[in-house]
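Asks: Sharing a model that was predicted from the sequence below.
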Amino acid sequence: DTGSAAATPIDPRFDIAYVTPVTIGTPPQTLQLDLDTGSSDLWVFSSHTPASQVRGQQIYSPDKSTTSKLLDGHTWSIRYGDGSGSRGNVYTDNFAIGGIMVETQAVETAEEVSSSFTTEDNIDGLVGLGFSTLNTVSPEGQLTFFDNAKPKLDAPVFTADLKYMKEGTYDFGFIDESKYTGEITYVPVDTDPGYWTFTSSGYGVGSGTFSSSPITGIADTGTSLVYLPTAIVTAYYRQVEGATNSRSYGGYVFPCNSTLPPFVFGIGEAKFTIPPSYMSYAAVTDGSPTCFGGLQSSSGIGINIWGDVALKAAFVVFNGEEPPTIGWANK
Ligand SMILES: CSC[C@H](NC(=O)[C@H](Cc1ccccc1)OC(=O)N1CCC(N)CC1)C(=O)N[C@@H](CC1CCCCC1)[C@@H](O)Cn1ccccc1=O
């Protein structure tokens, strides 16, 4: 099998996250979920989510599906890097993305979600596409959609073609040659503890010299920005007039009319350029002349994260063969 599904920005003003339509159950219930390679739980707003915590999200009702089965005695609870979280119980049911159907997918139904999920009415839940070792279901961990779908895919891969303020695509089971230019550069993935962890070959700021130094980090479709070591981040903002590291805004900000250099990162011998428009992420509040940077320091996180700001500068292949690799191509 092969399949494709849209990745649509949830906000027309800036790319904070992307959602993809999925169907769950019989008859199919359609929800818009955030495909997140930085986690491995598939959870949804549901008929079990208190009404006070639901604000416009689509919900999954297992009781309305003739193919749902309660996974008795199983629970889940997850906390994300930005402090948001959710928990609940587990069903198995039919689950499809882009026409790829998994009959007994573990679908984690939320009994509680944190306030940032309640306020984000465009996200009905997440599809974790990290490695199944990260799944939080207890007492038995469950498989991700990708692990369940892999045996029926023409190739054990999925690709991300995220776009700047535009609809992109996730493809499953094939590599669409029309979506990239030149060659795909594959590098090894370290699957411990369960992210798509790889090592970049270095970085450059604008037309400055390229610094060939290894940067190990995760490819994370669920994270909006890029988080790298402080030395790299300060080297970048040193080139931006009026940039400061703002405690109140929680990161590097600068006057929106400042000229930003592009940011270059290496994958093997290949180079990828994040254009200035992606590096000026968003005004700190609507209409403010102060903008928040798309590149921020990872010093408070503990891992480097290549989030959407970097991923949308490339066509990315998540290769689930043994051993897994990750491929990057220009587009
Ligand atoms: C430094 S990991 C921060 C990151 N969460 C973000 O990137 C959020 C995304 C968002 C989406 C929609 C509305 C609001 C915010 O956005 C910001 O935090 N932003 C954007 C806006 C900026 N003004 C401030 C900074 C994050 O926890 N991702 C996790 C998945 C997310 C969780 C929240 C919902 C969307 C999916 C996940 O892959 C990160 N992970 C990665 C590895 C290990 C653990 C872990 O947990």
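Replies: Great, that's in hand. Numbers count the residues shown, from 1 in each chain.

Asks: list the contacts for T244?
Replies: 252-254 (CB atoms under 8 Å, 6 or more residues apart in numbering). In this view, the C-beta of every residue, glycine as well, is placed from N, C-alpha and C.

Asks: could I get those residues as CSV with secondary structure and distance to A231?
Replies: Shown next, in CSV, are those (DSSP: H, G, I helix; E, B strand; the rest coil; distance: CB to CB, whole Å):
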residue, secondary structure, distance to A231
Y252, strand, 14
V253, strand, 19
F254, strand, 19
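
Asks: of all the residues you listed, which comes closest to the ligand?
Replies: V253 (10.0 Å; CB to the nearest ligand atom).

Asks: Test my guess that that closest one contacts L295.
Replies: No: in terms of CB atoms under 8 Å, V253 does not count as a neighbour of L295; the distance is 11.9 Å.

Asks: out of the two, which sits in the more crowded spot?
Replies: When neighbours are counted by other CB atoms under 10 Å, V253 and L295 differ, and L295 comes out ahead with 26 against 23.

Asks: Any idea which residue of the stretch 101-250 of the chain lies closest to the ligand?
Replies: G222 (3.1 Å).

Asks: Need the pLDDT of the closest residue to that residue other than its chain neighbours.
Replies: Once flanking residues are discounted, G222 sits nearest to D36: 3.0 Å by CB to CB, 6 or more residues apart in numbering. Listed pLDDT for D36 reads 98.

Asks: Kindly report the same for the one 10 residues further on.
Replies: S46 carries a pLDDT value of 98.

Asks: which residues does it bridge with?
Replies: When assigned by DSSP bridges, S46 has beta-bridge partners Y60.

Asks: I'd like to know how far it sits from the ligand.
Replies: 17 Å (CB to the nearest ligand atom, to the nearest Å).

Asks: and if you look at I10?
Replies: Distance from I10 to the ligand, by CB to the nearest ligand atom: 7 Å.

Asks: can you tell me which residues contact that residue?
Replies: I10 neighbours (CB under 8 Å, 6+ apart): 16-19, 34, 120, 122-123.

Asks: count of neighbours near the closest residue to A96 other than its chain neighbours?
Replies: Spatial nearest neighbour of A96, excluding adjacent residues (CB to CB, 6+ apart): T23 at 4.9 Å. Applying other CB under 10 Å, we find 16 residues neighbouring T23.

Asks: In this structure K179 contacts V317, no?
Replies: No: the pair K179 / V317 is not scored as a contact, 10.1 Å apart, by CB under 8 Å.

Asks: what sits in contact with each of those two?
Replies: Joint contacts of K179 and V317 (CB under 8 Å, 6+ apart) are T159.

Asks: ok, those two, which is more surrounded?
Replies: V317 (22 against 14).

Asks: what's the average pLDDT for the host helix or strand of that one?
Replies: Using DSSP states H and E, V317 sits within strand 315-319. Averaged across strand 315-319, pLDDT comes to 98.

Asks: Output the contacting helices and strands for it.
Replies: strand 157-163, strand 181-188, strand 325-330 (3 or more CB pairs under 8 Å, 6 or more residues apart in numbering; DSSP states H and E).

Asks: Put together CSV for those, with distance to the ligand, mean pLDDT and mean neighbour count on each row.
Replies: Below are the helices and strands packed on strand 315-319 laid out as CSV (distance: least, CB to the nearest ligand atom, whole Å; pLDDT from 0 to 100; neighbours: other CB atoms under 10 Å):
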stretch, distance to the ligand, mean pLDDT, mean neighbour count
strand 157-163, 13, 98, 23
strand 181-188, 19, 98, 15
strand 325-330, 15, 98, 21
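
Asks: can I get the ones you listed in a markdown table with distance to D93?
Replies: Shown next, in a markdown table, are the helices and strands packed on strand 315-319 (distance: least, CB to CB, whole Å):
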| stretch | distance to D93 |
| --- | --- |
| strand 157-163 | 21 |
| strand 181-188 | 35 |
| strand 325-330 | 30 |
